[in-house]
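S.K.: A structural model of the following input is requested.
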Amino acid sequence: MALSPTDVTQLAAVDTTRAARVLSEVRSATLAGQRAPVAPRPVIEQSWGRTLRSGVDPERDLRAGVLSADEVRRRRESSELRHVLPVLREGLLSVADVAHHIMVVAGPDGRVLWREGSTPVLRRADGLGFEVGADWREEVVGTNGVGTPAVVRRPVQVFASEHFVRSLATWTCTGAPITDPRDGRLLGVVDVSGPLETMHPATLAWVDSVAKLAEARLRELHLTSLERLRAVAAPVLARLSGRALVVDRDGWTAAVTGLPAPTRITLPKSLAPGRRWLPPLGPCSVEPLAGGWLIRASDEPTPRRATRIVLDLTRPRRWTVTVTECAGSWSRELSPRHAELLYLLALHRAGRSAAGLAEDVFGDAGRTVTVRAEMSRVRRYLGGLLEHRPYRFREQAEVEVLVPDDPLDLLPYSTAPALTAGRTPTGTH
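M.R.: Below is the predicted model:
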């Protein structure tokens with residue numbers, strides 16, 4: 001009887017041996033460019049394609065160097081994830097040890113920073129190179145429960161031969177990304193892993209739920225820090241006239257006077273005291289405060305001229321948008337999703353509807369709510385430079401897009417249908 005990818009996942013819960021055998025046949029056929037008995041799940045097939053383009057050898061376990069103990073300690077101390085380790089341990093470890101799992105927490109670059117759980121499973125993980133300080137990026141070790149969720153920014157379960165590298169086919173991994181609620185930045189991935197017989201479909205929802213609890217805890221910590229800054233800001237603003245606000249280091253507003261209170265303003269990556277140009281306030285003076293900045297907006301009129309917008313997509317995972325106006329310029333690093341959306345709008349200067357962008361990005365015109373939410377976030381920092389109904393760059397703006405020399409390097413980890421068309425690498429179907 002023919003199986004679907006969903007059937008194989010369900011089969012793994014009751015007959016891991018047969019499911020592993022089927023997936024081994026799927027992997028071998030797919031990587032050989034032949035018709036597989038069952039199509040790989042889309043998230044796995046797309047990961048295999050990215051891994052092939054990265055040059056990972058599916059038959060050879062090629063590991064990068066492990067970080068020194070001192071470097072691991074330094075990264076732990078600077079990671080925001082240290083604040084949510086109690087949440088992760090409480091939600092995962094009590095079950096993981098009984099179920100013969102381990103919990104792994106990695107940074108945004110795929111480096112393993114913490115690893116705890118069943119002692120026998122930890123020893124087996126050592127044999128796979130799944131150790132503290134190891135590099136588990138997708139482009140280094142192929143499809144896996146740490147590197148793949150970091151790329152697609154959603155929970156992923158990788159079972160048996162869904163792993164790209166053959167030596168990992170005796171393993172099952174389930175990982176979920178943890179993002180910073182302040183700016184959407186990827187902080188890392190929490191993963192639950194173990195031998196094949198420990199696989200269960202419900203693990204995916206379990207790990208995702210605990211990752212969301214960790215993000216909720218980070219959100220609570222941020223609100224507490226804003227309250228502390230608000231107490232510092234109140235007497236400062238009481239002595240000022242004109243338009244001013246106090247924001248934290250990430251631009252979130254703690255207090256304001258003389259103007260409508262924005263939830264957040266966009267700050268340059270490296271902000272220093274002095275005269276600055278900040279969207280959407282324009283010319284400002286910036287002064288440091290404990291835990292944030294005092295920003296005083298200038299009331300001097302500034303002449304208007306054509307705005308230049310440069311979308312730089314030449315560096316992998318370091319995409320930026322730079323805006324230049326008469327009063328100055330500013331840059332912002334873009335998330336993968338925002339880079340996709342702005343690139344599509346640059347291609348379609350006449351504009352795209354929410355349904356059109358949903359079709360471009362997700363292959364589903366019905367996902368307009370997600371698109372509108374993301375475009376709302378984009379407009380927080382591009383403001384009047386973006387119009388809507390349809391979404392488009394302001395007609396008067398000069399828009400330039402810088403792209404890599406090789407078309408395959410343009411947003412290479414994107415799964416948007418409008419960008420992946422024609423990217424199918426040799427060896428996949």
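S.K.: for Gly184, phi and psi?
M.R.: phi 80, psi 10 (degrees, to the nearest 10).
S.K.: kindly report the same for the one 3 residues further on.
M.R.: Dihedral pair for Leu187: phi -90, psi -30, per degrees, to the nearest 10.
S.K.: list the contacts for it?
M.R.: 79-81, 107-108, 178-180, 218 (C-beta atoms under 8 Å, 6 or more residues apart in numbering). For every residue, glycine as well, the C-beta is placed using N, CA and C.
S.K.: where in the stretch 201-350 of the chain is pLDDT low?
M.R.: 279, 300-306, 326-328 (pLDDT under 70).
S.K.: in it, which spans are helices?
M.R.: Using DSSP state H, counting those that start in this stretch, the helices found in the stretch 201-350 of the chain span residues 203-238, 336-347.
S.K.: which among those helices is found nearest to Met375?
M.R.: helix 336-347 (6.7 Å; C-beta to C-beta).
S.K.: residues of the closest one that come out buried?
M.R.: For helix 336-347, a neighbour-count test (16 or more other C-beta atoms under 10 Å) marks 336-346 as buried.
S.K.: quick one: contacts of it?
M.R.: Residues outside helix 336-347 that contact it (C-beta under 8 Å, 6+ apart) are 153, 311, 313, 317, 319, 321, 334, 351-352, 357, 360-361, 371, 374-375, 377-378, 386, 391-393, 399, 401, 411, 413-414, 416, 418-419.
S.K.: mind redoing it with 6 Å?
M.R.: Helix 336-347 has contacts (C-beta atoms under 6 Å, 6 or more residues apart in numbering) with 311, 319, 360-361, 374, 378, 393, 399, 401, 414, 416.
S.K.: name the next helix or strand downstream of it, please.
M.R.: Downstream of helix 336-347, the next assigned helix or strand under DSSP states H and E is helix 354-362.
S.K.: which residues touch that next one?
M.R.: 340, 344, 364-365, 367-368, 371-372, 416, 418.
S.K.: turn those residues into a markdown table, columns for secondary structure.
M.R.: Shown next, in a markdown table, are those (DSSP: H, G, I helix; E, B strand; the rest coil):
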| residue | secondary structure |
| --- | --- |
| Glu340 | helix |
| Leu344 | helix |
| Asp364 | coil |
| Ala365 | coil |
| Arg367 | coil |
| Thr368 | helix |
| Val371 | helix |
| Arg372 | helix |
| Ala416 | coil |
| Ala418 | helix |
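S.K.: for His348, which non-adjacent residue is spatially closest?
M.R.: Once flanking residues are discounted, His348 sits nearest to Arg392: 7.4 Å by C-beta to C-beta, 6 or more residues apart in numbering.
S.K.: quick check: phi and psi on the one you found?
M.R.: Dihedral angles (degrees, to the nearest 10) for Arg392: phi -170, psi 160.
S.K.: was I right about it contacting Ser353?
M.R.: No. Counting by C-beta atoms under 6 Å, Arg392 stays clear of Ser353, with 10.1 Å between them.
S.K.: number of residues surrounding the residue nearest to Ser298 when sequence neighbours are not counted?
M.R.: Closest residue in space to Ser298, ignoring its immediate chain neighbours: Pro283 at 4.1 Å, by C-beta to C-beta, 6+ apart. Applying other C-beta atoms under 10 Å, we find 17 residues neighbouring Pro283.
S.K.: and if you look at the one 4 residues further on?
M.R.: When neighbours are defined as other C-beta under 10 Å, Glu287 has 14 of them.
S.K.: do the same with Tyr391
M.R.: Counted with other C-beta under 10 Å, residues neighbouring Tyr391 total 22.
S.K.: so who does it touch?
M.R.: Tyr391 neighbours (C-beta under 6 Å, 6+ apart): 351-352, 375.
S.K.: beta-bridge partners for it, please?
M.R.: Arg352 (DSSP bridges).
S.K.: and it, how far is that from Ser193?
M.R.: Plainly put, Tyr391 is 41 Å away from Ser193 if you go by C-beta to C-beta, to the nearest Å.
S.K.: do Thr307 as well
M.R.: In terms of C-beta to C-beta, Thr307 sits 49 Å off from Ser193.
S.K.: those two - which one has more neighbours?
M.R.: Ser193 (28 against 18).
S.K.: that one pairs with what?
M.R.: Using DSSP bridges, the bridge partners assigned to Ser193 are Ile102, Cys173.
S.K.: before we move on, back to that, what number of residues lie near the residue nearest to His348?
M.R.: Arg392 has 17 nearby residues by other C-beta under 10 Å.
S.K.: what do you get for Pro195?
M.R.: Neighbours of Pro195 (other C-beta under 10 Å): 17.
S.K.: swap in Ala261?
M.R.: Using other C-beta under 10 Å, Ala261 is surrounded by 10 other residues.
S.K.: tell me the spacing between it and Val232.
M.R.: 17 Å.
S.K.: same deal with Ala39?
M.R.: For Ala39 relative to Val232 (C-beta to C-beta), the value is 58 Å.
S.K.: over to Thr17?
M.R.: Applying C-beta to C-beta to Thr17 and Val232 gives a distance of 62 Å.
S.K.: higher neighbour count, those two?
M.R.: Per other C-beta under 10 Å, whichever of Thr17 and Val232 has more neighbours is Val232, with 16 against 11.
S.K.: how many residues are close by Ala350?
M.R.: Per other C-beta under 10 Å, the neighbour tally for Ala350 reads 8.
S.K.: now it: closest residue in space that isn't a chain neighbour?
M.R.: Closest to Ala350 by C-beta to C-beta, 6+ apart is Arg392, at 6.7 Å.
S.K.: and that neighbour, what's its pLDDT?
M.R.: What the model reports for Arg392 is a pLDDT of 93.
S.K.: measure the nearest residue to Ser285 once chain neighbours are set aside to Tyr381 for me?
M.R.: Spatial nearest neighbour of Ser285, excluding adjacent residues (C-beta to C-beta, 6+ apart): Arg296 at 4.8 Å. According to C-beta to C-beta, Arg296 stands 20 Å off from Tyr381.
S.K.: biggest separation within the contacts of helix 354-362, which pair?
M.R.: Greatest spacing in these, by C-beta to C-beta: Arg372 and Ala418 (17.7 Å).
S.K.: comparing the two, which residue is more hemmed in?
M.R.: Between Arg372 and Ala418, counted using other C-beta under 10 Å, Ala418 has the larger neighbour count: 19 against 15.
S.K.: next up, the contacts around the more buried one.
M.R.: Ala418 is in contact with Asp360, counting by C-beta under 6 Å, 6+ apart.
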